[in-house]
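**Q** coordinates for the following, if possible.
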Amino acid sequence: MNRGNDLFSRPSWRRFASLLIAGIASSLAACSVGTKLRNEASVLKSDLTPLKDEAERCQALKSFALAWAEIDFVHGELRQGDQPRANGHLANARKHVKDVQNQIKKCPAKVIPVVVVLADRDKDGVPDVQDRCPDVPGAKENQGCPVDTDGDGIPDNLDRCPNDPGPSENDGCPWGDRDKDGVKDNEDKCPDVPGPRENKGCPWPDTDGDGVTDNVDKCVNEPGPKENDGCPWPDRDKDGVVDKDDKCPDVPGVPELQGCPRPVYKLIKVEKKRIKLSQKIFFAYNKAKIDRKSFAMLDEVAQAFRDFPAIKCRIEGHTDNRGNKKRNKKLSGQRADAVRNFLVAKGVTADRLVAVGFGPERPLESNKTAKGREANRRVEFNIVDEEKPPNKGGPSSPGLP
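**A** Numbering: from 1, shown residues only. Reported below is the predicted structural model:
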């Protein structure tokens, strides 16, 4: 016989069934209590919610917040299955809700203002019962009737300038003078541009665009300076330098030499970036003494500095690569200094000359041939910018050809 079946035939089965039924009954009772607490909490919240605005007005927000929190605690404890604690929070919630209700009862009733709108047919701000001219807009101080403060015949309600007399064609405002030239706008042919009365308020034209108006320009179709009554300065030799600035007005020249022709040199040429020599500057062997046969050419260099007073030069001494490099560089510097001293002695100011020795560092040709070494032994005059303001884009080397 199956032993499992004996369980159902024994008295213990009846005890088990009794305990099971009791447990179920207890659970159902607890569930019923939890549902009751939850429902009561929900009712409290629904009673509390519409009181928020009044609670704020009557300074009962603290009690309101406490009641709200206690209601939330009820639901929290029920989720945890703790009905006694939930019941305690519910009691607190009832107390705080009652506090809110009591504070609202003691609060003064809310006053709702009553606005009485009086009819005002002409919309002038004066009620019809007080308006002597209810169909015509007017001033309050004139019992709703129009006034003419400035006496220009235009009622103030139609007058754009009620305190300043003006014609009706300008809506009661005086004519203005927008360009401040003394000619009223109604008479001014150019009301936005200042001009003299004798030209009906318009500026005098400047046909040739020279800044001298036609009414005082003696050469209205030819640009000229004001100092010459609007006429161009004459230029007899047609070299682009007007006679008043031309030191050689009858001989064509160049602007940088104030209208005089460029000087003619036999042994040098003044270029944009250098003074080019027709021959080498000769020195005593292995020394910095200038040979006399180079004096004539250096005299022309000195004359070029006088002819072009704005230029400055870097005098560079160069050698070939034979011999001691350090010695060569020193000698090249000494020779550059010698040339500089020669020119200073001829009247060239020292601040226009810089002497530098490069030795064999900058060859023109290969030092492997005698011809190349001969070309590398030289003195050069390189023109440098002297009056150019740093980073301002000013002119460089004024006076250069």
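**Q** what about the helices in the stretch 251-400 of the chain?
**A** Along the stretch 251-400 of the chain, the segments classed as helices by DSSP state H, counting those that start in this stretch run 295-307, 325-345, 370-376.
**Q** please convert those to TSV, extending it with distance to residue 176 and mean neighbour count.
**A** (C-beta placed from N, C-alpha, C; glycine too.) Below are the helices of the stretch 251-400 of the chain laid out as TSV (distance: least, C-beta to C-beta, whole Å; neighbours: other C-beta atoms under 10 Å):
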stretch	distance to residue 176	mean neighbour count
helix 295-307	63	17
helix 325-345	71	18
helix 370-376	82	14
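**Q** and the ones you listed as CSV, adding distance to residue 128 and mean pLDDT?
**A** Shown next, in CSV, are these (distance: least, C-beta to C-beta, whole Å; pLDDT from 0 to 100):
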stretch, distance to residue 128, mean pLDDT
helix 295-307, 99, 95
helix 325-345, 105, 96
helix 370-376, 112, 94
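**Q** closest to residue 35 out of those helices?
**A** Smallest distance to residue 35 across the helices of the stretch 251-400 of the chain (C-beta to C-beta): 109.9 Å, for helix 325-345.
**Q** does residue 172 really touch residue 154, like I thought?
**A** Yes: between residue 172 and residue 154 there is a contact at 3.9 Å, judged by C-beta atoms under 8 Å.
**Q** distance to residue 272 for the helices of the stretch 251-400 of the chain - can I get that in CSV?
**A** Below are those laid out as CSV (distance: least, C-beta to C-beta, whole Å):
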stretch, distance to residue 272
helix 295-307, 13
helix 325-345, 20
helix 370-376, 23
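**Q** between those, which one is closest to residue 101.
**A** helix 325-345 (107.6 Å).
**Q** got the angle for the closest one vs helix 295-307?
**A** Relative orientation of helix 325-345 and helix 295-307, computed by axes from the mean of the first three to the mean of the last three C-alpha atoms, to 10 degrees: 60 degrees.
**Q** check the offset of helix 325-345 from the chain's centre.
**A** Chain-centre distance of helix 325-345: 54 Å, with C-alpha atoms, centre = their mean, to the nearest Å.
**Q** just checking, residue 159 touches residue 168?
**A** No: in this structure residue 159 lies outside contact range of residue 168 using C-beta under 8 Å: 9.3 Å.
**Q** okay, these two: which has more neighbours?
**A** Comparing residue 159 with residue 168 by other C-beta atoms under 10 Å, the one with more neighbours is residue 159, at 23 against 11.
**Q** lowest-pLDDT helix or strand in this protein?
**A** The helix or strand of the chain with the poorest confidence is helix 11-48; it has a mean of 71 (mean pLDDT, DSSP states H and E).
**Q** list the buried ones in the helix or strand just after that helix?
**A** Remark: after helix 11-48, the chain's next helix or strand is helix 52-57, criterion DSSP states H and E. Across helix 52-57, burial judged by 16 or more other C-beta atoms under 10 Å covers 54-55.
**Q** contacts only, for the nearest residue to residue 125 once chain neighbours are set aside.
**A** Nearest non-adjacent residue to residue 125, counting by C-beta to C-beta, 6 or more residues apart in numbering: residue 140, 6.1 Å away. For residue 140, the contact set (C-beta atoms under 8 Å, 6 or more residues apart in numbering) comprises 124-126.
**Q** swap in residue 219?
**A** With contact set as C-beta under 8 Å, 6+ apart, residue 219 has these partners: 208, 229-232.
**Q** which of those residues has the most neighbours?
**A** Within the contacts of residue 219, most neighbours by other C-beta under 10 Å means residue 230, with 24 neighbours.
**Q** so that one is in which element?
**A** Using DSSP H and E, residue 230 falls outside every helix and strand.
**Q** equivalent analysis for residue 96, please.
**A** Assigned by DSSP H and E, residue 96 falls in helix 83-106.
**Q** roughly how far is that helix from the heart of the chain?
**A** On C-alpha atoms, centre = their mean, the centre of helix 83-106 falls 63 Å from that of its chain.
**Q** how about it: buried residues?
**A** Neighbour-count burial for helix 83-106 [16+ other C-beta under 10 Å]: 83, 86-87, 89-90, 92-94, 96-97, 99-101, 103-104.
**Q** now for that helix, which elements pack on it?
**A** Contact analysis of helix 83-106 by 3 or more C-beta pairs under 8 Å, 6 or more residues apart in numbering; DSSP states H and E lists helix 11-48, helix 52-57, helix 61-80 as its packing neighbours.
**Q** return the shortest one as PDB; C-alpha atoms alone will do.
**A** These are the backbone C-alpha positions of helix 52-57, laid out as PDB (Å, rounded to 0.1, in the frame of the first residue of the first chain):
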ATOM      1  CA  LYS A  52      -2.800  74.000  -2.100                       C
ATOM      2  CA  ASP A  53      -3.500  77.600  -3.400                       C
ATOM      3  CA  GLU A  54      -5.400  78.600  -0.200                       C
ATOM      4  CA  ALA A  55      -2.700  77.000   2.000                       C
ATOM      5  CA  GLU A  56      -0.100  79.200   0.200                       C
ATOM      6  CA  ARG A  57      -2.200  82.300   0.600                       C
END
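**Q** what packs against that helix?
**A** Of the remaining helices and strands, those touching helix 52-57 by 3+ C-beta pairs under 8 Å, 6+ apart are helix 61-80, helix 83-106.
**Q** nearest to residue 164, out of the ones you listed?
**A** Residue 164 sits nearest to helix 61-80 of all these, at 58.7 Å, using C-beta to C-beta.
**Q** give the other helices and strands that the closest one contacts.
**A** Counting by 3+ C-beta pairs under 8 Å, 6+ apart, helix 61-80 packs on helix 11-48, helix 52-57, helix 83-106.
**Q** so residue 336 sits against residue 359, correct?
**A** No: Residue 336 lies out of contact with residue 359 (C-beta under 8 Å); the separation is 10.9 Å.
**Q** domain ranges for the protein?
**A** For the chain, the domain assignment from automatic domain parsing gives the residue ranges 23-106, 264-384.
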